[in-house]
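Undergrad: please work out how this folds:
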Amino acid sequence: MAKVAFVGLGVMGFPMAGHLSRAGHDVCVYNRTRSKAEHWCETYVGRSAATPAEAAAGAEFVFTCVGNDDDLREVTTGDEGVLRSMASGSVLIDHTTASAEVARELGRLASANGCAFLDAPVSGGQAGAENGVLSIMVGGDDADYARVAPVLDAYAKSHRLLGEVGSGQLAKMVNQICIAGLVQGLAEAVHFVKRAGLEGEAVFDVIQHGAAGSWQMINRHQTMLDGRYDFGFAVDWMRKDLRIALEEARRNGARLPVTALVDQFYADLQAEGDGRLDTSSLLKRLEKGG
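TA: Below is the predicted model of the structure:
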């Protein structure tokens, strides 16, 4: 078993760090809001630290899972960041959905400190984190990934190395591009079902097993039919992710017209004060005549 640090105990990080503890690893956690770290220590076996650097001291593997590029820089390269204390030969694994640019930046800085770096964003949402069945897209070195892979098994259903540092983040952009179009399509389908006077549960029970089926349809059609939008990933976070993908597309020349359109639909929801609703709330916009 390994000595690990986990920085960032949000809805994803809290259970992910918990799975590491349950797998028998020696876990030290840090969270900006200290009460969350205290609650984690009451829930799982482990300890908390006052700073990211303190949490990372002596750890073989250091995991981060925070909000965005700026948060990530703060907990890694800031005055009390993990790179201030990480030992030579240790590995920094970042689960934040961030830009490929910041991943490459951290890869260079970690290497200069004698450490390794893997960008490893996750997919599967809060339920995937809680149930330990996340999908993890990894960028970095083969040997570093091989060292970390058995530890990732604690909370992953699947993980794969996809290329050099930055490749994990690029793959997560692909993931979010797919989701944006799928959720909008599902929202339109639910809207159509209601207007057509069909029995929604019966319709989706049939078609989810055919070519139209998807994770979004299986897991969200009923809550959308019920008008409940307090499940899963918030609109505010999806807009952050789509901004990253659209900025990368402008750099590499990819054309993402549907993604850009759905991003604007999410902007409409934010303007209505619905930024904390989950991403399936695209249906709410349609029902308002959007």
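
Undergrad: so where's this structure uncertain?
TA: For the chain, residues meeting the criterion pLDDT under 70 lie at 290.

Undergrad: please enumerate the helices of it.
TA: Taking DSSP state H, the helices of the chain run over residues 13-22, 34-43, 52-56, 69-77, 100-112, 125-131, 142-152, 167-196, 200-207, 215-225, 235-252, 257-271, 282-287.

Undergrad: list the buried residues for the fifth one?
TA: Going back to what we said before, that points to helix 100-112. 100, 102-107, 109-110 (16 or more other Cβ atoms under 10 Å). C-betas here are computed from N, CA, C, even on glycine.

Undergrad: so what touches it?
TA: Helix 100-112 is contacted from outside by 69, 72-73, 76-77, 83, 86, 92, 94, 116-117, 119, 139-140, 165-170, 173, 248, using Cβ atoms under 8 Å, 6 or more residues apart in numbering.

Undergrad: buried ones only from these, please, as a PyMOL command.
TA: For the buried members of those, the matching PyMOL selection, counting by 16+ other Cβ under 10 Å, is:
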select buried, resi 69+72+73+76+77+83+86+92+94+116+117+119+139+140+165+166+167+168+169+170+173+248
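
Undergrad: hmm, back to that, out of the helices of the chain, deepest packed?
TA: Neighbour counts (mean count of other Cβ atoms under 10 Å) averaged over each of those peak at helix 52-56, with a mean of 25.

Undergrad: tell me which strands and helices that helix is in contact with?
TA: Judged by 3 or more Cβ pairs under 8 Å, 6 or more residues apart in numbering; DSSP states H and E, helix 52-56 is in contact with strand 3-7, strand 26-30, strand 61-64.

Undergrad: from Val148, how far off is Asp241?
TA: Distance of Asp241 to Val148, computed by Cβ to Cβ, to the nearest Å: 23 Å.
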